[in-house]
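# Provided below are the primary sequence and the corresponding predicted coordinates.
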2 protein chains.
Amino acid sequence: MDSAEQKSTGQRRRTSARASVTIRDVARHAGVSVATVSRALRGSDLVHPATRERVDAAIEELRFTPSQLGRSLAERRHAANGIVFPDLSGPFYAEVVLGYEEVAATLGRSVLILSTHNRESAGDMVLDLAGRVDGLAVFGRTVHDDVVAEIVQRGVPVVLMARTEIEGADSVRTENVVAATSVVDHLLADGHRRMAFLGDPVDSTDVAERWAGFRGALAQAGVDVPERAIPAGFKEDDGARVAAALIADGLPDVVVCANDELALGLTVALAEEGIEVPGEVAVTGWDDVMAARYAGLTTVRQPMREMGARAAQMLDARISGDRSEPRHDVLTTQLVVRRSCGPHSKEAHR
Amino acid sequence: MDSAEQKSTGQRRRTSARASVTIRDVARHAGVSVATVSRALRGSDLVHPATRERVDAAIEELRFTPSQLGRSLAERRHAANGIVFPDLSGPFYAEVVLGYEEVAATLGRSVLILSTHNRESAGDMVLDLAGRVDGLAVFGRTVHDDVVAEIVQRGVPVVLMARTEIEGADSVRTENVVAATSVVDHLLADGHRRMAFLGDPVDSTDVAERWAGFRGALAQAGVDVPERAIPAGFKEDDGARVAAALIADGLPDVVVCANDELALGLTVALAEEGIEVPGEVAVTGWDDVMAARYAGLTTVRQPMREMGARAAQMLDARISGDRSEPRHDVLTTQLVVRRSCGPHSKEAHR
DNA sequence: TTGAAAGCGCTACCAG
DNA sequence: CTGGTAGCGCTTTCAA
């Protein structure tokens, strides 16, 4: 039984903490070679049924689990995908990850997540992550283009999400300009004229496009176009913070916000100042997060989960060897009218 | 320059797709041994400054990045942690992941996520994941105890989140009984007497504890204790679904729900039937998700992010060799009173 | 069908 | 300080 071993390798096991069962243990136990065990493991049909049985028994008995590490190194693949976010907080990203993870899992790939949190070291962290996966999805403005380019050049497939295209990488994003136009058109139909835009176009491609669409629609309608957007982050606090200034500068008819959290934070802060929405000023958001429904916020719905799923699929195609031209998918969005945008809208909830 | 190589290994490079730069390439390029490159890489001070410089130059020129795979295999560690959820959707889990990822990243570990989605294969997926990480956090009722036990036995540190303890694993959870008691006490003070509980105690440890606390507090107060909880999942739809039956059976004074989504879904469904909250029936939730604030829902706040962070820290300790008795942390929770629970509460928002 | 052995890329021990 | 080399655990020729 115990035969194959110590042949030419001159074993000298280092004092390993908790030596796990390896393929060699199984081989010895079953009285076959590691090659055979490996074949049995992979379900190769070059293994005699009887042999396979012995191997299976040994695996069972030794409670053996093949090491992913050894396997990956030999196969030169990780069987894992990565996804990078600026920040995992907020209701927004969770949905994207969900869609991504679901597809990846179905394809037999694990998912590694990374939030960059504007850290100095973000670039290095992403680069490191790129070394642990077969493909990487990068969301928005998380790292410098150079880093992405470097990863692409290294041969790791990359798909950009909600971010300006980069040579050699696929991308998925949601439609912004048409949506912004429909928001503005709806507001115009409601009789609103003086419109402000809350959000920093420099911060993200999405916001830049929304701002552009906003301006375009106003110009198209021959209405006053504000010169500048009111810069703000993406959190409720950021929205709350501008309320005072907005009041001081004279309220516009409506504030179009770059996302829902901003809109909601602003609305609450205005309420605290005794300003009613939509009575004295209308407010709209973007994303259609759960809270938007309960707050009666007019907003733009984006297919977040679909975006994640799409990214995972694109990556899978590349990993599987697809060498065609980069794809750039644009997912459609949808205006959701609720009461925050003005008097005449009937819809109350959902 | 080109000297070390082909010595004893009898090179015969397999036709590899896109042969990446390896440590050997760097060594040759710098005219040193791989050992030296490795040392330089690790920042060992057993490398002559001049040598280090040559190595650095070679690394730079060849755009070399060490393979995590090779490194992990040699070091016998993954430098990665895993986290398992039943389902990544809903505002709840995202926060936990956020806390977890943040700490893990700071400790230099990557994070692998997995949603089990009640899949048949959940057990195998988790077992597979366990083979890719140095430590694993498992949330709630995602997989059978046997699977967890198997992982623990395999020597991979496990921390349970919001789940009944298992031999040999640390755990973190939030306090439920005291919180349930304070919810009930508050409702009693508001004059409510006939209380129903919505949620399935069999579904999760958390719900079971909330249900137990609920019953205990009622019994303590000498008030009618409902015989059974109204079983339901965790989604808005699940809450909406029971509205009709609730009305048909005669509305209680208040419905204590196992989580916010349930409470919110129920509230909307009741409104659609013309039943006002809290006018005709009060409703409370659990979790304090963002939407709860905007819906004016009385609920219990849990430190989600803290839970994730704590889990990551516990894991780190174990991975670093801590062999002390398993720890079982309980995080405190807090009643947040808003208008959904009845007339006399003043607080409107936040 | 099977086995022997050469790697996959890197770390760390042992000699110098 | 530096180099040689034995592994880490698994896959995959190449021969038998």
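Structure received.
# who in the stretch 201-350 of chain A is up against chain B?
Those residues of the stretch 201-350 of chain A that sit near chain B, judged by Cβ under 8 Å from any Cβ of the partner chain, are A:Leu264, A:Val268, A:Ala271, A:Val289, A:Met290, A:Ala291, A:Arg293, A:Tyr294, A:Ala295, A:His349, A:Arg350. For the C-beta atoms, the positions are set from N, CA and C on the backbone; glycine is no exception.
# now do 7 Å
A:Leu264, A:Val268, A:Met290, A:Ala291, A:Tyr294, A:Ala295, A:His349 (Cβ under 7 Å from any Cβ of the partner chain).
# give me the mean pLDDT for the helix or strand the fifth one falls within.
This points to A:Tyr294. A:Tyr294 belongs to helix A:290-295 when elements are defined using DSSP states H and E. Averaged across helix A:290-295, pLDDT comes to 95.
# what lies in contact with the helix or strand following that helix?
Tracing the chain past helix A:290-295, the next element assigned as helix or strand by DSSP H and E is strand A:299-301. By Cβ atoms under 7 Å, 6 or more residues apart in numbering or on different chains, the residues outside strand A:299-301 that reach it are A:179, A:183, A:260, A:284-288, A:292, A:333-336.
# and those residues as CSV, adding secondary structure and neighbour count?
Below are the contacts of strand A:299-301 laid out as CSV (DSSP: H, G, I helix; E, B strand; the rest coil; neighbours: other Cβ atoms under 10 Å in any protein chain shown):
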residue, secondary structure, neighbour count
A:Ala179, helix, 23
A:Val183, helix, 26
A:Asp260, helix, 29
A:Thr284, strand, 30
A:Gly285, coil, 32
A:Trp286, coil, 31
A:Asp287, strand, 28
A:Asp288, coil, 23
A:Ala292, helix, 29
A:Thr333, coil, 21
A:Gln334, strand, 13
A:Leu335, strand, 19
A:Val336, strand, 17
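# and those residues, which is closest to DNA strand C?
In terms of Cβ to the nearest atom of the strand, no member of the contacts of strand A:299-301 lies closer to DNA strand C than A:Asp287, at 41.3 Å.
# thought that closest one was touching A:Gln302?
Yes. Counting by Cβ atoms under 7 Å, A:Asp287 sits close enough to A:Gln302 to count as a contact (6.0 Å).
# so how far is DNA strand D from A:Ala189?
Remark: distance between A:Ala189 and DNA strand D (Cβ to the nearest atom of the strand, to the nearest Å) = 62 Å.
# ignore the last one, A:Tyr93
Per Cβ to the nearest atom of the strand, A:Tyr93 is found 34 Å from DNA strand D.
# how about A:Arg42?
6 Å.
# for that residue, phi and psi?
Note on A:Arg42: its backbone torsions stand at phi -80, psi 0 [degrees, to the nearest 10].
# same question, the one 4 residues further on
Summarising the backbone geometry of A:Leu46 under the convention degrees, to the nearest 10, its torsions are phi -100, psi 30.
# that one: how many residues sit nearby?
9 (other Cβ atoms under 10 Å in any protein chain shown).
# excluding its backbone neighbours, what's nearest it?
A:Arg39 (5.8 Å; Cβ to Cβ, 6 or more residues apart in numbering or on different chains).
# that neighbour and A:Thr51 touch, don't they?
No. Using Cβ under 7 Å, A:Arg39 makes no contact with A:Thr51, being 9.1 Å away.
# okay, and the common contacts of those two?
By Cβ under 7 Å, 6+ apart, no residue touches both A:Arg39 and A:Thr51.
# tell me how far the spatially closest residue to A:Asp145 that is not a sequence neighbour lies from DNA strand C.
Spatially, and ignoring its direct neighbours in sequence, A:Asp145 is nearest to A:Ile166 (5.8 Å; Cβ to Cβ, 6+ apart). Distance from A:Ile166 to DNA strand C, counting by Cβ to the nearest atom of the strand: 26 Å.
# ranges for the strands of chain A?
In chain A, the strands defined using DSSP state E lie at A:80-85, A:110-115, A:135-139, A:158-161, A:170-174, A:195-198, A:254-257, A:282-284, A:299-301, A:328-331, A:334-336.
# now render the ones you listed as CSV, adding distance to B:Leu160 and mean pLDDT.
Shown next, in CSV, are the strands of chain A (distance: least, Cβ to Cβ, whole Å; pLDDT from 0 to 100):
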stretch, distance to B:Leu160, mean pLDDT
strand A:80-85, 24, 96
strand A:110-115, 21, 96
strand A:135-139, 30, 97
strand A:158-161, 33, 97
strand A:170-174, 36, 97
strand A:195-198, 43, 98
strand A:254-257, 40, 98
strand A:282-284, 43, 98
strand A:299-301, 36, 98
strand A:328-331, 38, 98
strand A:334-336, 39, 97
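# reformat the ones you listed as TSV; add distance to B:Pro326.
Formatted as TSV, the strands of chain A follow (distance: least, Cβ to Cβ, whole Å):
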stretch	distance to B:Pro326
strand A:80-85	29
strand A:110-115	27
strand A:135-139	36
strand A:158-161	40
strand A:170-174	43
strand A:195-198	49
strand A:254-257	47
strand A:282-284	50
strand A:299-301	45
strand A:328-331	46
strand A:334-336	48
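# quick check, stretch A:131-142 touching chain B?
Yes. Applying Cβ under 7 Å from any Cβ, one finds stretch A:131-142 touching chain B at A:Gly131, A:Arg132.
# quick one, what contacts the residue nearest to A:Trp211 when sequence neighbours are not counted?
Closest residue in space to A:Trp211, ignoring its immediate chain neighbours: A:Pro201 at 4.3 Å, by Cβ to Cβ, 6+ apart. Taking Cβ under 7 Å, 6+ apart as the contact definition, A:Pro201 lies against A:Val207, A:Ala208, A:Trp211, A:Ala229.
# spatially, which two of those residues are the most separated?
Farthest-apart pair in these is A:Ala208 and A:Ala229; separation 9.4 Å (Cβ to Cβ).
# more neighbours, the two?
A:Ala229 (22 against 18).
# leaving out chain neighbours, which residue sits closest to the more buried one?
Nearest to A:Ala229 is A:Phe197, by Cβ to Cβ, 6+ apart, at 4.4 Å.
# how about the helices in chain A?
Taking DSSP state H as the test, the helices found in chain A are A:23-30, A:34-42, A:49-62, A:68-75, A:90-106, A:122-130, A:145-153, A:177-189, A:205-220, A:236-241, A:243-248, A:260-272, A:290-295, A:304-319.
# surely A:Arg54 touches A:Ala30?
Yes. Using Cβ under 7 Å, A:Arg54 is in contact with A:Ala30, at 4.6 Å.
# so how far is DNA strand C from A:Ala248?
According to Cβ to the nearest atom of the strand, A:Ala248 stands 58 Å off from DNA strand C.
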